[in-house]
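[1] Structure for the following, please:
(one chain, ligands or ions: 2)
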Amino acid sequence: MLKIAIQKSGRLYEDSINLLKECGIELNNGNKQLKSGAYNFPLEVYFFRDDDIPQYVQDGVADIGIVGENVLLEKAKDIEQVYRLGFGRCRLSIAVPKNMQYQTIADLNGLKIATAYSSLLQNFLLEKNVDAEIHEISGSVEIAPGIGLADVICDLVSSGSTLFTNGLKEVEVVLRSEAVLAINKSLSEEKKNILSKLLLRINAVKTAKNNKYIILNAPNDQLKNIAAVLPGMKSPTIVPLAEAGWSSVQSVVNENVFWEVIEKLKELGAQGILVVPIEKMIV
Ligand code: PRP
Ligand code: ZN
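    Ligands and ions are numbered 1, 2, ... in the order given. Prediction:
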């Protein structure tokens, strides 16, 4: 059995469970328990505080863990490998009371900054030549200025609503982060084997999300040009239509170039363009 650690509650919990679900892995229990087995995959899921996950993965309490890159970098553990998961995007930022006059980073000199990320913040301040006092606290950082515990804060920002509700504004980005898969350094062959099966599924889900399946009708005299803007998995599938002079073209288009491709297809006379989400994509 492969042991995976995920966040017990917080920003990454829901997306982590969803990722497993999309990989076809259903859990027996929710996060009310410390751990849960899976019905149909040799996986045991542990629910931990995100801050503890790097240590547990390093020590082999868990074999792998889904955790924010921010937490992983802050804890600087000896961990094999990280694999970006493409969700849980956020920023580690410095935020100040919204009515504070803030012009440049030098305005932070002499201030007291509350944070749960003292090591990342310290490196940032050193790099920017700022001399400020770091006050480490482990939770509810956003209320620190309001109760006189610090002048400003350095914390994670995702939607920005926590800052807004607490009368703070974001002024400097220390780090951009997303959820990653952290992997223990010395997995047994058997566990490596299960991990590679899991990674195949994760990849299939991730790739599918970044791609769309499109089906369109193309005039035959433009087929060559249309095929040229549609790479597909190998090349587009082209099938003649019952109506003379027209063909049906099917292909996979990457999200990054999606609208660009659609515009070109329209210019080349494509009609009846259907865009279909892909559930899994194994390349
Ligand atoms: C972070 C951070 C803020 C919140 C910001 O918490 O500490 O409280 O997310 O999100 P927002 O900009 O969308 O309001 P996290 O989920 O990492 O939980 P934790 O700090 O309790 O580990
Ligand atoms: Zn946390």
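
[2] gap between the closest residue in space to residue 252 that isn't next to it in sequence and ligand 1?
    Nearest residue to residue 252, sequence neighbours excluded (Cβ to Cβ, 6 or more residues apart in numbering): residue 211, at 5.1 Å. Glycine gets a C-beta too; all of them are placed from N, C-alpha and C. Distance of residue 211 to ligand 1, given as Cβ to the nearest ligand atom, to the nearest Å: 28 Å.

[3] What about residue 19, how many residues nearby?
    22 (other Cβ atoms under 10 Å).

[4] which residues does the residue nearest to residue 252 contact?
    252-255, 278, 281 (Cβ atoms under 8 Å, 6 or more residues apart in numbering).

[5] Least confident of those?
    Ranked by pLDDT, those bottom out at residue 255 (84).

[6] sorry, back to before: select only the buried ones of the contacts of residue 211 in PyMOL?
    To isolate the buried ones among these in PyMOL, judged by 16 or more other Cβ atoms under 10 Å, type:
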select buried, resi 252+253+281
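
[7] Enumerate the beta-bridge partners assigned to the residue nearest to residue 252.
    Residue 211 has these beta-bridge partners by DSSP bridges: residue 254.

[8] quick one: pLDDT of it?
    Turning to residue 211, the model gives it a pLDDT of 89.

[9] what's the helix or strand bottoming out on mean pLDDT in the chain packed up against?
    In the chain, no helix or strand scores lower on mean pLDDT, DSSP states H and E than strand 81-84, which sits at a mean of 84. Other elements packing on strand 81-84 under the criterion 3 or more Cβ pairs under 8 Å, 6 or more residues apart in numbering; DSSP states H and E are helix 69-75, strand 179-183.

[10] what's next to the shortest one, contact-wise?
    I take that to be strand 179-183. 12, 15-16, 53-54, 57, 63-69, 72, 79-88, 195, 202.

[11] hmm, it touching ligand 2?
    No. Legend: contact between strand 179-183 and ligand 2 by Cβ under 5 Å from the ion is lacking; minimum distance shown is 12.5 Å.
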